[in-house]
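Peer 1: A structural model of the following input is requested.
(2 chains)
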Amino acid sequence: AQTVTQSQPEMSVQEAETVTLSCTYDTSENNYYLFWYKQPPSRQMILVIRQEAYKQQNATENRFSVNFQKAAKSFSLKISDSQLGDTAMYFCAYVINAGGTSYGKLTFGQGTILTVHP
Amino acid sequence: EAGVAQSPRYKIIEKRQSVAFWCNPISGHATLYWYQQILGQGPKLLIQFQNNGVVDDSQLPKDRFSAERLKGVDSTLKIQPAKLEDSAVYLCASSHQDSKNIQYFGAGTRLSVL
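Peer 2: Below is the predicted model of the structure:
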(Lines give C-alpha, C1' and ligand atoms only; values in the text may rest on other atoms or scores of the structure.)
Protein backbone atom coordinates (compact mmCIF):
# COMPACT_ATOMS: atom_id res chain seq x y z
CA ALA A 1 0.00 0.00 0.00
CA GLN A 2 1.12 3.50 -0.71
CA THR A 3 1.24 5.45 2.53
CA VAL A 4 2.56 8.61 4.15
CA THR A 5 3.45 8.70 7.84
CA GLN A 6 3.87 11.80 9.95
CA SER A 7 4.98 10.60 13.35
CA GLN A 8 4.57 13.92 15.19
CA PRO A 9 0.90 14.71 15.86
CA GLU A 10 1.82 18.04 17.46
CA MET A 11 4.85 20.29 17.58
CA SER A 12 5.50 23.68 19.13
CA VAL A 13 8.23 26.25 18.64
CA GLN A 14 9.10 29.70 19.88
CA GLU A 15 8.87 32.59 17.47
CA ALA A 16 12.12 33.10 15.49
CA GLU A 17 13.38 29.60 16.23
CA THR A 18 13.73 26.63 13.87
CA VAL A 19 11.54 23.54 13.79
CA THR A 20 11.65 20.34 11.73
CA LEU A 21 8.61 18.26 10.82
CA SER A 22 9.15 14.61 9.91
CA CYS A 23 7.60 12.57 7.11
CA THR A 24 8.22 9.12 5.70
CA TYR A 25 6.43 7.57 2.76
CA ASP A 26 6.17 4.28 1.00
CA THR A 27 5.75 3.83 -2.73
CA SER A 28 7.06 1.36 -5.28
CA GLU A 29 7.02 4.02 -7.98
CA ASN A 30 10.17 5.79 -9.07
CA ASN A 31 8.72 8.91 -10.65
CA TYR A 32 6.81 10.98 -8.13
CA TYR A 33 6.64 14.37 -6.48
CA LEU A 34 6.56 15.29 -2.82
CA PHE A 35 4.82 18.22 -1.21
CA TRP A 36 4.30 19.96 2.06
CA TYR A 37 0.94 21.69 2.38
CA LYS A 38 -0.15 24.02 5.15
CA GLN A 39 -3.76 24.14 6.37
CA PRO A 40 -4.60 27.03 8.72
CA PRO A 41 -7.94 27.16 10.60
CA SER A 42 -9.50 28.72 7.49
CA ARG A 43 -9.18 25.20 5.97
CA GLN A 44 -7.55 26.47 2.75
CA MET A 45 -4.80 24.01 1.81
CA ILE A 46 -1.76 26.07 0.80
CA LEU A 47 1.31 24.71 -0.97
CA VAL A 48 4.47 25.31 1.05
CA ILE A 49 7.13 23.50 -0.96
CA ARG A 50 7.51 20.90 -3.71
CA GLN A 51 10.26 18.36 -4.43
CA GLU A 52 10.78 16.35 -7.59
CA ALA A 53 11.91 12.83 -6.70
CA TYR A 54 14.41 12.62 -9.55
CA LYS A 55 16.25 15.70 -8.27
CA GLN A 56 18.84 15.12 -5.56
CA GLN A 57 19.05 18.79 -4.61
CA ASN A 58 16.80 19.69 -1.71
CA ALA A 59 14.12 22.26 -2.46
CA THR A 60 14.08 25.59 -0.63
CA GLU A 61 11.47 28.31 -0.54
CA ASN A 62 12.45 31.32 1.56
CA ARG A 63 12.29 30.16 5.22
CA PHE A 64 11.19 26.66 4.23
CA SER A 65 13.52 23.87 3.17
CA VAL A 66 13.36 20.11 2.93
CA ASN A 67 15.70 17.23 3.64
CA PHE A 68 14.87 14.65 0.97
CA GLN A 69 16.41 11.20 1.47
CA LYS A 70 15.10 9.09 -1.41
CA ALA A 71 16.63 5.78 -0.37
CA ALA A 72 15.22 6.15 3.13
CA LYS A 73 11.92 7.51 1.75
CA SER A 74 12.15 10.43 4.12
CA PHE A 75 11.02 13.98 3.44
CA SER A 76 11.30 16.39 6.38
CA LEU A 77 10.39 20.08 6.42
CA LYS A 78 12.52 22.68 8.18
CA ILE A 79 11.01 26.03 9.04
CA SER A 80 13.55 28.69 9.95
CA ASP A 81 12.82 31.95 11.78
CA SER A 82 9.34 30.70 12.72
CA GLN A 83 6.55 33.27 12.62
CA LEU A 84 3.17 33.37 14.34
CA GLY A 85 1.53 33.02 10.94
CA ASP A 86 3.18 29.61 10.51
CA THR A 87 0.75 28.18 13.07
CA ALA A 88 -1.28 25.58 11.14
CA MET A 89 -1.67 21.89 10.36
CA TYR A 90 1.08 20.69 8.03
CA PHE A 91 0.55 17.79 5.65
CA CYS A 92 3.16 15.80 3.79
CA ALA A 93 1.92 14.33 0.50
CA TYR A 94 3.05 12.78 -2.75
CA VAL A 95 1.67 12.28 -6.23
CA ILE A 96 2.70 9.72 -8.81
CA ASN A 97 3.66 10.94 -12.26
CA ALA A 98 1.26 8.93 -14.40
CA GLY A 99 3.03 9.88 -17.58
CA GLY A 100 2.97 12.95 -19.79
CA THR A 101 0.93 15.66 -18.18
CA SER A 102 -1.38 13.30 -16.35
CA TYR A 103 -1.18 13.26 -12.58
CA GLY A 104 -3.18 11.28 -10.10
CA LYS A 105 -4.31 11.79 -6.58
CA LEU A 106 -2.35 13.28 -3.73
CA THR A 107 -1.72 10.77 -0.93
CA PHE A 108 -1.57 12.65 2.36
CA GLY A 109 -0.17 11.91 5.81
CA GLN A 110 -2.18 12.42 8.97
CA GLY A 111 -0.80 15.89 9.56
CA THR A 112 1.24 17.66 12.23
CA ILE A 113 -0.24 20.54 14.19
CA LEU A 114 2.41 23.24 14.55
CA THR A 115 1.98 26.00 17.10
CA VAL A 116 4.32 28.98 17.11
CA HIS A 117 4.47 30.73 20.48
CA PRO A 118 5.35 34.42 20.88
CA GLU B 1 -6.26 35.00 -10.92
CA ALA B 2 -9.28 33.73 -9.02
CA GLY B 3 -8.78 30.63 -6.90
CA VAL B 4 -10.90 27.51 -6.57
CA ALA B 5 -14.39 28.50 -5.43
CA GLN B 6 -16.54 26.22 -3.29
CA SER B 7 -19.98 26.59 -1.80
CA PRO B 8 -21.49 26.40 0.68
CA ARG B 9 -18.87 26.88 3.39
CA TYR B 10 -20.93 25.04 5.99
CA LYS B 11 -23.84 22.65 5.85
CA ILE B 12 -25.75 20.93 8.62
CA ILE B 13 -28.20 18.17 7.77
CA GLU B 14 -29.86 15.23 9.43
CA LYS B 15 -28.98 11.67 8.52
CA ARG B 16 -30.75 10.26 5.50
CA GLN B 17 -31.13 13.72 3.98
CA SER B 18 -29.40 14.70 0.75
CA VAL B 19 -26.82 17.42 0.20
CA ALA B 20 -24.89 18.89 -2.73
CA PHE B 21 -21.60 20.75 -2.91
CA TRP B 22 -20.43 22.95 -5.75
CA CYS B 23 -16.93 23.66 -7.03
CA ASN B 24 -15.65 26.04 -9.68
CA PRO B 25 -11.98 25.37 -10.50
CA ILE B 26 -9.37 27.85 -11.61
CA SER B 27 -10.01 28.91 -15.19
CA GLY B 28 -8.25 26.66 -17.68
CA HIS B 29 -7.63 23.81 -15.21
CA ALA B 30 -8.66 20.59 -16.90
CA THR B 31 -8.24 18.33 -13.87
CA LEU B 32 -10.58 18.55 -10.90
CA TYR B 33 -10.43 16.57 -7.66
CA TRP B 34 -12.83 16.03 -4.77
CA TYR B 35 -11.27 15.05 -1.44
CA GLN B 36 -12.90 14.07 1.84
CA GLN B 37 -11.13 15.17 5.01
CA ILE B 38 -12.39 13.63 8.23
CA LEU B 39 -11.47 15.55 11.39
CA GLY B 40 -7.88 14.89 12.44
CA GLN B 41 -6.94 13.10 9.21
CA GLY B 42 -5.41 13.97 5.88
CA PRO B 43 -7.64 14.41 2.84
CA LYS B 44 -8.52 11.32 0.79
CA LEU B 45 -9.47 11.39 -2.86
CA LEU B 46 -13.09 10.65 -3.70
CA ILE B 47 -13.06 11.32 -7.44
CA GLN B 48 -10.83 12.84 -10.12
CA PHE B 49 -12.05 14.35 -13.40
CA GLN B 50 -10.06 15.12 -16.52
CA ASN B 51 -12.25 17.63 -18.38
CA ASN B 52 -15.70 16.00 -18.09
CA GLY B 53 -14.46 12.41 -17.87
CA VAL B 54 -13.83 10.41 -14.69
CA VAL B 55 -10.20 9.35 -14.20
CA ASP B 56 -10.43 7.77 -10.75
CA ASP B 57 -13.51 7.11 -8.61
CA SER B 58 -12.27 3.96 -6.89
CA GLN B 59 -12.75 5.45 -3.39
CA LEU B 60 -16.16 6.99 -4.04
CA PRO B 61 -18.99 5.22 -2.14
CA LYS B 62 -21.14 4.93 -5.22
CA ASP B 63 -24.22 3.71 -3.37
CA ARG B 64 -24.64 7.17 -1.86
CA PHE B 65 -22.15 9.55 -3.46
CA SER B 66 -22.28 10.91 -7.00
CA ALA B 67 -20.38 13.62 -8.83
CA GLU B 68 -20.57 15.24 -12.20
CA ARG B 69 -18.67 17.75 -14.29
CA LEU B 70 -20.94 18.06 -17.27
CA LYS B 71 -19.28 20.85 -19.24
CA GLY B 72 -15.75 20.20 -18.07
CA VAL B 73 -15.71 23.26 -15.86
CA ASP B 74 -17.59 23.37 -12.55
CA SER B 75 -18.54 20.26 -10.64
CA THR B 76 -21.16 19.07 -8.16
CA LEU B 77 -20.71 16.40 -5.50
CA LYS B 78 -23.89 14.89 -4.03
CA ILE B 79 -24.57 12.65 -1.07
CA GLN B 80 -27.90 10.84 -0.86
CA PRO B 81 -28.76 9.62 1.73
CA ALA B 82 -26.22 11.03 4.17
CA LYS B 83 -24.85 9.00 7.08
CA LEU B 84 -23.30 10.20 10.33
CA GLU B 85 -19.85 9.09 9.14
CA ASP B 86 -20.08 11.49 6.18
CA SER B 87 -19.41 14.39 8.55
CA ALA B 88 -16.21 15.87 7.16
CA VAL B 89 -14.71 18.70 5.16
CA TYR B 90 -15.10 18.26 1.40
CA LEU B 91 -12.25 19.85 -0.50
CA CYS B 92 -12.16 20.59 -4.19
CA ALA B 93 -8.86 21.04 -6.00
CA SER B 94 -7.81 21.70 -9.57
CA SER B 95 -4.64 21.49 -11.59
CA HIS B 96 -3.40 22.60 -14.99
CA GLN B 97 -1.42 20.36 -17.32
CA ASP B 98 1.44 22.87 -17.17
CA SER B 99 1.33 23.37 -13.40
CA LYS B 100 3.80 20.58 -12.77
CA ASN B 101 1.34 18.48 -10.77
CA ILE B 102 0.58 21.19 -8.25
CA GLN B 103 -3.01 21.04 -7.03
CA TYR B 104 -4.75 24.22 -5.92
CA PHE B 105 -7.39 23.86 -3.25
CA GLY B 106 -10.60 25.62 -2.38
CA ALA B 107 -11.57 26.49 1.19
CA GLY B 108 -13.80 23.44 1.47
CA THR B 109 -17.31 22.73 2.72
CA ARG B 110 -17.70 21.55 6.29
CA LEU B 111 -20.57 19.04 6.50
CA SER B 112 -22.14 18.04 9.79
CA VAL B 113 -24.59 15.14 9.72
CA LEU B 114 -26.74 14.93 12.87
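
Peer 1: what bridges to residue 32?
Peer 2: You didn't say which chain, so I picked chain A. A:Ile96 (DSSP bridges).

Peer 1: switch to chain B, please.
Peer 2: Beta bridges link B:Leu32 to B:Phe49, B:Ser94, judged by DSSP bridges.

Peer 1: list the contacts for it?
Peer 2: Residues near B:Leu32 by C-beta atoms under 8 Å, 6 or more residues apart in numbering or on different chains: B:23, B:25, B:48-49, B:69, B:75, B:92-94. Where C-beta positions appear, they are placed from N, C-alpha and C, glycine not excepted.

Peer 1: and chain B, which residues reach chain A?
Peer 2: Counting by C-beta under 8 Å from any C-beta of the partner chain, chain B comes close to chain A at B:31, B:33, B:35, B:40-45, B:48, B:50, B:55-56, B:89, B:91, B:93, B:95, B:97-98, B:100-108, B:110.

Peer 1: okay, which residue is most central for chain A?
Peer 2: Computing the C-alpha centroid of chain A and ranking residues by C-alpha atoms, centre = their mean puts A:Trp36 first, at 2.7 Å.

Peer 1: that one: what's it in contact with?
Peer 2: Counted by C-beta under 8 Å, 6+ apart, A:Trp36 has contacts A:21, A:23, A:47-49, A:64, A:66, A:75, A:77, A:90-93.

Peer 1: what sits against the residue of chain A found nearest chain B?
Peer 2: Closest residue of chain A to chain B, C-beta to the nearest C-beta: A:Phe108 (3.0 Å). A:Phe108 makes contact with A:4, A:37, A:91-93, B:42-44, according to C-beta under 8 Å, 6+ apart.

Peer 1: which residues does it bridge with?
Peer 2: Bridge pairing for A:Phe108 - DSSP bridges - gives A:Ala93.

Peer 1: hey, which helix or strand in the chain has the poorest pLDDT?
Peer 2: In the absence of a named chain, this looks at chain A. strand A:103-108 (a mean of 85; mean pLDDT, DSSP states H and E).

Peer 1: ah, no, chain B please
Peer 2: strand B:53-56 (a mean of 90).

Peer 1: adjacent strands (with direction) for that one?
Peer 2: When pairing is defined by DSSP bridges, strand B:53-56 lines up against strand B:44-50 (antiparallel).
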